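[1] Show me the folded form of this:
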Amino acid sequence: MAVTPKGFAVFEAEVVSAQEPCNAGHQVGERLELSAWQNGGLCGFFFHDIFPALTMMQFGGKYPWDSGEEMTVVCPDPSVRLTMVIRPKK
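    Numbers count the residues shown, from 1 in each chain. Sure, this is the predicted structure:
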């Protein structure tokens, strides 16, 4: 199992909404620990979809239109529309 190396940020992802039940079992209120090295139990389809943005956050980058403190991401399954907020773990 991959482990986040010392000195690198770990993030907390919180499921904040979903239009339909998630096929992978994720539920509103669930919290996961993520990094570019660890998927925290997140569905592989969703992790694959957010990996580039998560990697950018992992190494201190941010989008010009975003504060860089947190990122809101939406599941690639359009019928579920599960939404998570990812922020640095405190």
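[2] Now do the same contact list for the closest residue to Cys43 other than its chain neighbours.
    Distance criterion Cβ to Cβ, 6 or more residues apart in numbering; nearest residue to Cys43, sequence neighbours excluded, is Ala24 at 3.7 Å. C-beta: built from backbone N, CA, C; applies to glycine. Ala24 makes contact with Cys43, Phe45, Phe46 under the criterion Cβ atoms under 8 Å, 6 or more residues apart in numbering.
[3] run the last query once more with 10 Å
    Gly41, Leu42, Cys43, Gly44, Phe45, Phe46, Cys75, Asp77, Val80, Leu82 (Cβ atoms under 10 Å, 6 or more residues apart in numbering).
[4] swap in Glu14?
    Residues in contact with Glu14, defined by Cβ under 10 Å, 6+ apart, are Val28, Gly29, Glu30, Arg31, Leu32, Glu70, Thr83, Met84, Val85, Ile86, Arg87.
[5] Would you indicate which residues of the helix or strand that it is a member of are buried?
    Per DSSP states H and E, Glu14 falls inside strand 11-17. Applying a neighbour-count criterion of 16 or more other Cβ atoms under 10 Å, one finds Phe11, Glu12, Ala13, Val15 buried in strand 11-17.
[6] Just give the number of residues close to the closest residue to Phe51 other than its chain neighbours.
    For Phe51, ignoring the flanking residues on the chain, the nearest one in space by Cβ to Cβ, 6+ apart is Ala36 at 7.3 Å. Using other Cβ atoms under 10 Å, the number of residues around Ala36 comes to 19.
[7] go on, Glu70?
    Neighbour number of Glu70 under other Cβ under 10 Å is 15.
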